[in-house]
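> Sharing a sequence plus its predicted fold:
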Amino acid sequence: NAIHMPDAITNNQVVYFWLPAAVEVATVREMAKLAVYSAITAAFHQPVREDGRRKQIYLVIDEFQRIASTGFKIVLEQARSMGVGTILANQTFADLQTSDVDLRPTVQTNTRFKQMFSAQDLEQQDQTMKASGEMVHYRRSWTTAGVGATESVSEIVGPRILRNDVIQISDDPFATIVQVARGSGYTQFGGFSIPVKTSYHVDETTFINRNAAPWPPKTEETIVVNREPLPADTFATPEARLEAAKVMEDDQPSKPGEPRDYVSIAERLRKKHFGEKA
């Protein structure tokens, strides 16, 4: 019951990780980074086809700022050459700057398609306006002297997408701002950001059916995790971590080579910290 990334790529499989950061703070980031590293390594070792390219795989990460680190810069910079396409989603552009690393320049440089659904904070609004390019705006003014009035028109250079445009687009559930670098075919916009208005990509009936669809049936190729996530503060203190380590050390298998029953160990720790109702 192991996830073998080379086999997943060869057999065109989908590997889905559900890692709730809100309740598994201590482990989610490392587990996600391990999954990404495994996928990238497997892609790198894929045989090169006759056309000189590797098999295309896709890496989709939601709330990807949670695993942002210095090592992820290499993923963004070299993934495309290994046949790995990345689709990344995060709340705000500022989230890409953490205490460990600032991924904002790397994301701006190495992503070909960017789509902004909402910009509520001023920093992201400023970034969106600057990234839209510049154009000439015309300013009209009137001067009144006595009974006469004069009108003048002047040219000023400003962003192509103004702040009011960003605010209105952010309020519209069907509007986004899209930027495509090195466009081709029907997506040749010169690299400029453009407002785009779209409808839902599927009809309501299809959405309801997919939302109500069950998970795939359990087979020998399926790994099912039945345990509910531990609360975030389960091992928050050094004492709790030391106690858990002692339980692991004392709970040795009865026979050499026999695997440990991690489920029963976890249940003992849960009851120890949270009572019989846990």
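All right, it came through fine.

> which stretches of the stretch 101-250 of the chain have low pLDDT?
146, 223-238, 241-242, 244-250 (pLDDT under 70).

> now the strands for it?
Taking DSSP state E, counting those that start in this stretch to define them, one finds strands in the stretch 101-250 of the chain at 113-116, 134-145, 148-159, 175-180, 193-197.

> To Leu103, which of those lies closest?
strand 113-116 (13.5 Å; Cβ to Cβ). (Glycine included, C-beta is placed from N, CA and C.)

> Quick check: buried residues in that closest one?
Buried residues in strand 113-116, counted by 16 or more other Cβ atoms under 10 Å: 114, 116.

> what lines up beside that strand in the sheet?
Here strand 113-116 is paired, per DSSP bridges, with strand 175-180 (antiparallel).

> now the partner strand: how far from the chain's centre is it?
Counting by Cα atoms, centre = their mean, to the nearest Å, strand 175-180 is centred 17 Å from the centre of its parent chain.

> residues in contact with the longest helix seen in the chain?
Counting residues, the longest helix found in the chain (DSSP state H) is helix 25-44. Outside helix 25-44, the residues that touch it by Cβ atoms under 8 Å, 6 or more residues apart in numbering are 3, 5-6, 8-9, 15, 17, 19-21, 54-55, 57, 59, 61, 66-67, 69, 71-72, 75, 79, 82-84, 232, 235.

> Go ahead and build a ChimeraX selection from the buried members of those residues.
Only the buried members of those enter the following ChimeraX selection, criterion being 16+ other Cβ under 10 Å:
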select :5,8,9,19,54,57,59,61,66,67,72,75,79,82,83,84,235
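
> which ones among the contacts of helix 25-44 are found in helices?
Here DSSP H is the test, and the contacts of helix 25-44 give 5-6, 8-9, 71-72, 75 as lying in helices.

> Give me the mean pLDDT for stretch 4-15.
The pLDDT scores in stretch 4-15 average 88.

> okay, it in CSV with CA atoms only?
Provided in CSV are the C-alpha atoms of stretch 4-15 (Å, rounded to 0.1, in the frame of the first residue of the first chain):
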residue,chain,number,x,y,z
HIS,A,4,5.0,4.8,-6.1
MET,A,5,5.3,8.0,-8.2
PRO,A,6,7.0,6.4,-11.2
ASP,A,7,4.2,4.0,-11.6
ALA,A,8,1.6,6.7,-11.1
ILE,A,9,3.2,8.6,-14.0
THR,A,10,3.6,5.6,-16.3
ASN,A,11,0.0,4.4,-15.7
ASN,A,12,-1.5,7.9,-16.1
GLN,A,13,-2.8,7.9,-12.5
VAL,A,14,-4.1,10.7,-10.3
VAL,A,15,-2.6,11.0,-6.8
